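# next input, structure requested:
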Amino acid sequence: MRLLYLLNVSNASQLAADSGFTFADLLAPALTDAGVEVTVASPVAVGDARVAFEPTVSPSTKYRARFDPGMDALVALFRERRPEVVVANQVEAAPAIRAALLEAGVDAMVVGYCHYLPFFFTDTGVLELDPAMDDRGLGRSVLLAFAAGLAACDRVLVHSSTAASWTTAAAARTGVDLGDRLHIVPAPRDVRLVRDPAGITPPEGRATGLYNHRLYAHYGTARFTELARRLVAGGAVRLTVMDLFGTRSPERIRLDPSPERHLEELATTDGVTIASDRGDRVRYRNILAGAHFGIAPFRPGCPWSMSVIDCQAMGLPVIAPRTGWLAEHIDDELLFDTDEQAAQIAERLARDPEFYLLYAKRAYASTADLTPAAVAARYLEAIR
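Okay, here's the model as predicted:
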């Protein structure tokens with residue numbers, strides 16, 4: 001099988017913060033091991049030299065990635081590579097991909113992987129647009145472009161049951177019947193970030209919590225900041241907050257200045273330490289290993305989180321708001337609805353060794369089926 005993986009890298013200078021790239025970097029070698037001839041078309045090559053590389057230009061904004069797929073370049077690429085399967089990492093580009101395949105005279109399956117959903121559903125079934133894709137009212141257009149992408153795909157892959165439910169419901173509302181084209185294929189855990197919890201020592205009355213998510217406003221960072229103050233005030237918890245972006249370009253700051261604003265606020269909060277891995281996976285592992293538990297994002301439309309999986313694969317229990325995929329994936333005893341409940345869970349993790357070790361083991365076990373080889377097998381089963 002000749003598989004062409006079209007990968008949009010949103011921030012090539014901060015690859016550690018790009019979950020789509022990390023996914024491809026882990027999956028492409030595993031697909032190669034399974035006998036697939038993989039080519040990644042991307043601004044940056046994956047780390048395995050066996051995976052062929054076609055350099056592309058990174059879109060300058062998140063909206064260009066969705067509305068300007070570059071038809072001429074796609075036609076030329078398809079004529080050169082003659083793929084049998086084309087994976088659209090940006091689902092909105094799928095109609096252009098199918099049209100380019102038609103123009104190039106190439107018959108290939110189009111697979112869309114929904115790394116990101118530009119919408120979510122509330123607990124009462126109301127469809128909400130993701131505010132990150134709604135600048136100047138563009139959210140509705142992005143949603144319709146996403147639905148058009150679903151219609152153009154032969155296969156649609158999503159991370160979780162929550163994502164499958166939301167995607168099916170959103171597609172139906174726009175007149176798209178996914179039928180049996182939808183498959184759940186979770187993302188692989190990073191093999192560099194795996195630690196057996198048998199060797200973990202529980203905290204002794206004081207624990208370090210880790211928040212390793214993007215600090216955008218739409219991730220619920222203001223809500224996390226409120227919780228951070230409550231957690232550190234109790235004395236049993238200190239917090240480490242990851243600065244995943246470092247210095248961003250003026251263009252990105254102009255589009256959304258919220259990460260810089262929230263980072264400044266958190267940096268001046270007593271009991272909170274700001275840390276950066278500087279794009280180094282070994283340094284990131286050490287930061288994870290220095291924490292006792294993770295905190296999930298407060299993003300309402302969370303269909304999956306690589307940062308949560310990173311913590312769990314390292315044997316760190318993750319506490320989470322009871323919403324979206326988090327409520328599907330996290331143990332009920334670690335879910336909360338209020339700051340007071342979150343503080344009680346965090347303090348129990350800090351002061352109850354038996355409770356801590358139980359959920360450290362359960363966290364690790366929840367990622368056992370997410371090895372790259374296992375995920376590659378599910379991926380191939382879905383697209384064959």
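
# give the next helix or strand downstream of the helix or strand bottoming out on mean pLDDT in the chain.
Lowest on mean pLDDT, DSSP states H and E among the helices and strands of the chain sits helix 250-255, with a mean of 78. Proceeding C-terminally, helix 250-255 gives way to helix 258-267 as the next helix or strand, assigned by DSSP states H and E.

# average pLDDT for that following helix?
Averaged across helix 258-267, pLDDT comes to 92.

# for whatever helix or strand comes next after that helix, which strands pair with it and how are they oriented?
Remark: after helix 258-267, the chain's next helix or strand is strand 272-275, criterion DSSP H and E. Each strand pairing with strand 272-275, determined using DSSP bridges, is listed with its direction: strand 237-242 (parallel).

# chain center to the partner strand: distance?
Computed by C-alpha atoms, centre = their mean, to the nearest Å, the chain-centroid distance of strand 237-242 equals 21 Å.

# buried set for stretch 256-263?
By neighbour count, with 16 or more other C-beta atoms under 10 Å as the criterion, the buried positions of stretch 256-263 are Asp256, Ser258, Pro259, Glu260, His262, Leu263. The way it works is simple: take the backbone N, C-alpha and C, and place the C-beta from them, glycine included.

# need the contact list for the last one.
Think Leu263. When the contact criterion is C-beta atoms under 8 Å, 6 or more residues apart in numbering, the partners of Leu263 are Leu215, Val241, Asp243, Ile274.

# part of a strand, is Val38?
Yes: per DSSP: H, G, I helix; E, B strand; the rest coil, Val38 lies within a strand segment.

# verify the contact between it and Phe53 for me.
No: at 9.9 Å, Val38 and Phe53 do not qualify as touching, with contact defined as C-beta atoms under 8 Å.

# quick one, which of the two is more surrounded?
Of the pair Val38 and Phe53, Val38 is the one with more neighbours under other C-beta atoms under 10 Å, namely 26 against 15.

# quick check: the more buried one vs His159, distance?
Distance check for Val38 against His159: by C-beta to C-beta, to the nearest Å, it reads 20 Å.

# buried residues in the helix or strand hosting Ala172?
In this assignment (DSSP H and E), Ala172 forms part of helix 161-173. Within helix 161-173, the residues scored as buried using 16+ other C-beta under 10 Å are Thr162, Ala163, Ala164, Trp166, Thr167, Thr168, Ala170, Ala171.

# just give me the closest of those residues to Met133.
When these are ranked by distance to Met133 (C-beta to C-beta), Ala170 comes first, at 13.0 Å.

# quick one, what contacts the closest one?
Ala170 is in contact with Leu117, Phe119, Phe121, Leu127, Leu143, Phe146, Ala147, counting by C-beta under 8 Å, 6+ apart.

# would you quantify the distance from it to Ile287?
Taking C-beta to C-beta as the measure, Ala170 and Ile287 are separated by 36 Å.

# repeat that for Val87.
Val87 sits 31 Å away from Ile287, going by C-beta to C-beta.

# which one of these two is surrounded by more residues?
For Val87 versus Ile287, the count of surrounding residues by other C-beta under 10 Å is larger for Val87: 28 against 18.

# that one against Leu3, yeah?
Yes: under the contact definition of C-beta under 8 Å, Val87 touches Leu3, with a separation of 6.6 Å.

# and for the two, which residues touch both?
With contacts defined as C-beta under 8 Å, 6+ apart, no residue is adjacent to both Val87 and Leu3.

# coming back round to it: mark which of the contacts of Ala170 are buried, thanks.
Buried members of the contacts of Ala170, counted by 16+ other C-beta under 10 Å: Leu117, Phe119, Phe121, Leu143, Phe146, Ala147.

# from these, which is closest to Ser307?
Using C-beta to C-beta as the measure, the one of these that approaches Ser307 most closely is Leu117, at 16.8 Å.

# report the two of the contacts of Leu263 separated the most.
With distance counted by C-beta to C-beta, no two of those lie farther apart than Leu215 and Ile274, which are 10.1 Å apart.

# so what's in contact with these two at the same time?
With C-beta under 8 Å, 6+ apart applied, the overlap between the contact sets of Leu215 and Ile274 consists of Val241, Asp243, Leu263, Leu266.

# what residues of stretch 79-87 count as buried?
In terms of neighbour count (16+ other C-beta under 10 Å), stretch 79-87 has its buried residues at Arg81, Pro83, Glu84, Val85, Val86, Val87.

# please report phi then psi for the last one.
When you say that, I think you mean Val87. Here is the backbone geometry of Val87 (degrees, to the nearest 10): phi -100, psi 120.

# with the third one instead?
Per-residue torsions, Glu84: phi -100, psi -30 (degrees, to the nearest 10).

# dump the residue contacts of it.
Glu84 makes contact with Met1, Arg2, Leu3, Ala108, Met109, according to C-beta under 8 Å, 6+ apart.

# kindly report the same for the last one.
Residues counted as contacts of Val87 (C-beta under 8 Å, 6+ apart) are Leu3, Leu4, Tyr5, Leu6, Val111, Gly112, Tyr113.

# ok, now Trp166?
Applying C-beta under 8 Å, 6+ apart, we find Trp166 in contact with Leu117, Phe119, Phe120, Phe121, Gly301, Pro303.

# pLDDT and secondary structure added to the residues you listed, as CSV?
Below are the contacts of Trp166 laid out as CSV (pLDDT from 0 to 100; DSSP: H, G, I helix; E, B strand; the rest coil):
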residue, pLDDT, secondary structure
Leu117, 94, coil
Phe119, 95, strand
Phe120, 94, strand
Phe121, 94, strand
Gly301, 77, coil
Pro303, 91, coil
